[in-house]
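Chemist: coords please:
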Amino acid sequence: VMDPTVQYIGDIKALKETDLYRVRGVEGVDWAVPMYYGTIQARLHNGVIQTCILIGVDDATLIGAPPIMVQGKPIDLRIDGGVIVDQVGAATKLSTDSKKYGHIPLQIGDRMELNDNRAVVVGVCSVSRTFQSQPVLYTTYSQATLWVPSQRKLLSFVLAHSKPGSDPDVVAQNITATTGLAAYSKHQLQALTLRYYMRYTGIFVNFGVAIILGFIIGTAIAGQTLYNFTMDNLAYFGIFKAMGADNALLAKMVLLQALFVSGIGWGIGMGATALFGLLSANSEISFCMPLWLYISSAFSILLISTATAFVSIRRVVYVDPAIVFRGG
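Modeler: From the prediction side, this is the model:
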C-alpha cells in the first residue's frame, strides 16, 4: 500500500502514520505493518562513504525481512543497532582493502556509521540486485526512522495481507476506496516499475535500436547464406526440373531447407542463452527470459527465414533445365 502518485518502487512518497491504522481497519485486511524504504550514507571504518538502500521492517513481526539468510538470523535485527547486509554489497562496495590481508568483505560483527549513528552487522542475506547495484541494509522500522534525517512523514509503505478466503484483488480495491491509497500486489508493483523504466528512460530506445539492427543484420546474413547455398546447388535444382519437378515442389524444398536450418539455429541460440542465464543468475548481468520472449524470438526467426527463402526461390523458379546438359 502506497501513495497513489508513486510511479515505481524507488519513487518514495511518505505516508502518514495514521494511514497504517486506516489500512488495518479496511474490511478483508488480516494484518498490516509499516515499512521504511530510503537511502542513507554509510561510513566504513576506513573512512569510505557509500550510499546504501535502507529498509526498515516491522519490529514485532519482522515482516519484510530478507527470506534468504547466508549468515545470521532475521531475529538478530532486534539487537541494538543491528543491520543485515546483502551478500553482494558486503563483498563489493562495502568491503575494504588491506595491504596485509587483501580484499576483506563486510562480515558479522563489523561496525559502520549510518548518519553518525553506530550500526553493527548481525547478518548477511541474499536479495535481488537493485537497479543501480547499491548495497542493501535491513534493520527494524523504529531503528531506521531514528537513523534517517527527521521528517514529518517517514512511513514509506504499508505491507498488508488479506484474510483467508478473501479475494486479494477485492481487498486491494477496498483499501483504495476506503483510504484513497494505492494497493498493489508484488507482480503489479513490478509491472508498474517496469512500465516506468520503459517509458521514461532510454532503456526501451537503446534495446529497441539494438533489436532492430540485429533483425536487419540477421536477415542480411541469413539471406546471403541461403542464397549462396542455392546458387552452389543450382545445377541440382536444374536436374530436378529436368526430371519433371514443378516450381511449387522446388519452392517447397528451398523453404523446408530454410526452416530446418533456422530451427536448428534457434534451438542452439536459445539453449546457449538459457545456459548463460543459468550461469550468470547471481551476477551483475543476470536477466529475465520470460516465455513470451522465447515465442517472439521463434516468430522472428520464422519471419526472417521465410523472407530470405523467397529470395532464393525466385532464383530457383527461373533456372533453366538445360543447365544440366551444358555441364553446370
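Chemist: Please make it C-alpha for all contacts and neighbour counts, starting now.
Modeler: Noted.
Chemist: Please enumerate the strands of the chain.
Modeler: Shown for the chain, the strands assigned by DSSP state E span residues 29-43, 49-57, 69-71, 82-86, 96-98, 102-104, 111-114, 117-125, 136-140, 157-162.
Chemist: In CSV: these, plus mean pLDDT and distance to Val1.
Modeler: Shown next, in CSV, are these (pLDDT from 0 to 100; distance: least, Cα to Cα, whole Å):
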stretch, mean pLDDT, distance to Val1
strand 29-43, 93, 9
strand 49-57, 93, 14
strand 69-71, 93, 26
strand 82-86, 95, 24
strand 96-98, 80, 38
strand 102-104, 79, 39
strand 111-114, 92, 27
strand 117-125, 94, 25
strand 136-140, 95, 19
strand 157-162, 94, 5
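Chemist: With mean neighbour count and distance to Asp169 added, can I get the ones you listed in JSON lines?
Modeler: Below are the strands of the chain laid out as JSON lines (neighbours: other Cα atoms under 10 Å; distance: least, Cα to Cα, whole Å):
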{"stretch": "strand 29-43", "mean neighbour count": "20", "distance to Asp169": "11"}
{"stretch": "strand 49-57", "mean neighbour count": "21", "distance to Asp169": "24"}
{"stretch": "strand 69-71", "mean neighbour count": "16", "distance to Asp169": "31"}
{"stretch": "strand 82-86", "mean neighbour count": "28", "distance to Asp169": "32"}
{"stretch": "strand 96-98", "mean neighbour count": "13", "distance to Asp169": "47"}
{"stretch": "strand 102-104", "mean neighbour count": "12", "distance to Asp169": "47"}
{"stretch": "strand 111-114", "mean neighbour count": "21", "distance to Asp169": "39"}
{"stretch": "strand 117-125", "mean neighbour count": "22", "distance to Asp169": "31"}
{"stretch": "strand 136-140", "mean neighbour count": "28", "distance to Asp169": "29"}
{"stretch": "strand 157-162", "mean neighbour count": "21", "distance to Asp169": "9"}
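Chemist: May I see those strands arranged in a markdown table, with distance to Thr230 as well?
Modeler: Shown next, in a markdown table, are those (distance: least, Cα to Cα, whole Å):
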| stretch | distance to Thr230 |
| --- | --- |
| strand 29-43 | 61 |
| strand 49-57 | 59 |
| strand 69-71 | 58 |
| strand 82-86 | 57 |
| strand 96-98 | 61 |
| strand 102-104 | 59 |
| strand 111-114 | 69 |
| strand 117-125 | 58 |
| strand 136-140 | 58 |
| strand 157-162 | 63 |
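Chemist: ok, Thr230 - how many residues close by?
Modeler: Thr230 has 20 neighbouring residues, counting by other Cα atoms under 10 Å.
Chemist: Tell me how far Ile211 lies from Ser300.
Modeler: According to Cα to Cα, to the nearest Å, Ile211 stands 11 Å off from Ser300.
Chemist: How about Arg111: which residues does it bridge to?
Modeler: Beta bridges link Arg111 to Val120 when assigned by DSSP bridges.
Chemist: Quick check: it touching Val122?
Modeler: No - the criterion here is Cα atoms under 8 Å, and Arg111 misses it with Val122 at 9.6 Å.
Chemist: what ranges do the helices span in the protein?
Modeler: Here the chain has its helices, by DSSP state H, at 17-24, 87-91, 141-147, 168-179, 186-200, 203-232, 234-242, 247-279, 291-317.
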